[in-house]
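K.L.:
Return a 3D structure for these sequence lines:
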Amino acid sequence: MRYLTFALTKGRLAKKTLEMLESLGITCEEMKDKDSRKLIFVNEELKLKFFLAKGPDVPTYVEYGAADIGVVGKDTIVEEGRKVHEVLDLGFGKCKMCVCGYESARELLQHHELIRVATKYPNIAKDYFYNKKHQTVEIVKMNGSIELAPIVGLSEVIVDIVETGTTLKENGLVVLEEVCPLSARMIVNPVSMRMENERINELITNLRNLLQEEKNAN
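P.N.:
Here you go, the predicted structure:
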């Protein structure tokens with residue numbers, strides 16, 4: 001039996017994924033060692049391998065078959081546009097992709113004016129403005145704290161992830177439009193899906209049942 005390899009997004013998503021897998025009896029003791037310098041963690045008994053990666057790299061590992069399965073935010077899946085199968089909404093890491101700015105920018109959006117949009121997610125922003133709103137905009141790709149852009153006059157609005165909205169409020173910005181809901185998703189390499197159909201489907205079914213149980217309990 002060959003190993004099934006998981007690429008997990010570093011941080012909260014990996015932690016939550018491992019907790020879920022543990023509920024199904026899938027553990028990886030090596031990953032609990034905080035001082036470990038290892039890059040790949042193995043469960044010999046279940047023939048599973050795990051590694052941690054930065055969010056945007058997870059779909060790349062999965063598309064190229066370096067990982068069979070990945071867990072990553074929906075925003076990254078859409079932004080990266082990799083050839084992967086999205087098989088399950090894991091229901092955690094919930095937030096929204098939104099268009100935000102000063103209240104005064106609402107009018108510019110309604111009148112479809114040519115405006116500047118600052119974002120870390122140029123593909124998502126482009127798709128939203130061009131294909132859904134049919135509004136021509138200039139998109140400025142940023143890497144740091146996006147909220148700064150409308151404050152210093154770089155852009156009229158931003159497209160960014162909103163969890164609580166606290167940062168926006170503190171800076172006098174508001175959510176103007178909602179682009180799409182986001183959460184952690186499980187993705188699978190298309191070839192792995194065919195070759196390891198039974199093992200992967202069993203895992204998906206077990207996770208789906210677990211999510212349903214949690215939902216019913218709440």
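K.L.:
Tell me, how many residues neighbour residue 204?
P.N.:
16 (other C-beta atoms under 10 Å). Yep, even glycine has a C-beta here, placed from its N, CA and C like the rest.
K.L.:
Please tell me how far it sits from residue 12.
P.N.:
Going from residue 204 to residue 12 by C-beta to C-beta, to the nearest Å gives 22 Å.
K.L.:
swap in residue 6?
P.N.:
Applying C-beta to C-beta to residue 6 and residue 12 gives a distance of 16 Å.
K.L.:
more neighbours, the two?
P.N.:
Neighbour count, other C-beta under 10 Å: between residue 6 and residue 12, residue 6 has more, with 27 against 11.
K.L.:
So the more buried one is in contact with residue 49, correct?
P.N.:
Yes. Using C-beta atoms under 8 Å, residue 6 makes contact with residue 49 at a distance of 7.0 Å.
K.L.:
Next, the contact list for residue 76, please.
P.N.:
For residue 76, the contact set (C-beta atoms under 8 Å, 6 or more residues apart in numbering) comprises 9, 55-56, 58-59.
K.L.:
typed the wrong thing, it's residue 4
P.N.:
47-49, 68-69, 192, 196, 199-200.
K.L.:
Please flag which of those sit within strands.
P.N.:
48-49, 69 (DSSP state E).
K.L.:
residue ranges for the strands of this protein, please.
P.N.:
In the chain, strands defined by DSSP E lie at 4-9, 41-43, 48-53, 69-73, 85-89, 95-101, 115-119, 137-141, 157-162, 174-182, 184-188, listed in chain order.
K.L.:
Can you tell me the centre-most residue of this structure?
P.N.:
Centroid-nearest residue in the chain: residue 73, 1.2 Å away (criterion: C-alpha atoms, centre = their mean).
K.L.:
how close does it sit to residue 218?
P.N.:
Taking C-beta to C-beta, one finds residue 73 at 22 Å from residue 218.
K.L.:
likewise residue 114?
P.N.:
In terms of C-beta to C-beta, residue 114 sits 46 Å off from residue 218.
K.L.:
Neighbour count for the two, which is higher?
P.N.:
Counted by other C-beta under 10 Å, residue 114 and residue 218 do not tie: residue 114 has more neighbours, with 10 against 5.
K.L.:
Spatially nearest residue to that one, not counting backbone neighbours?
P.N.:
residue 136 (5.6 Å; C-beta to C-beta, 6 or more residues apart in numbering).
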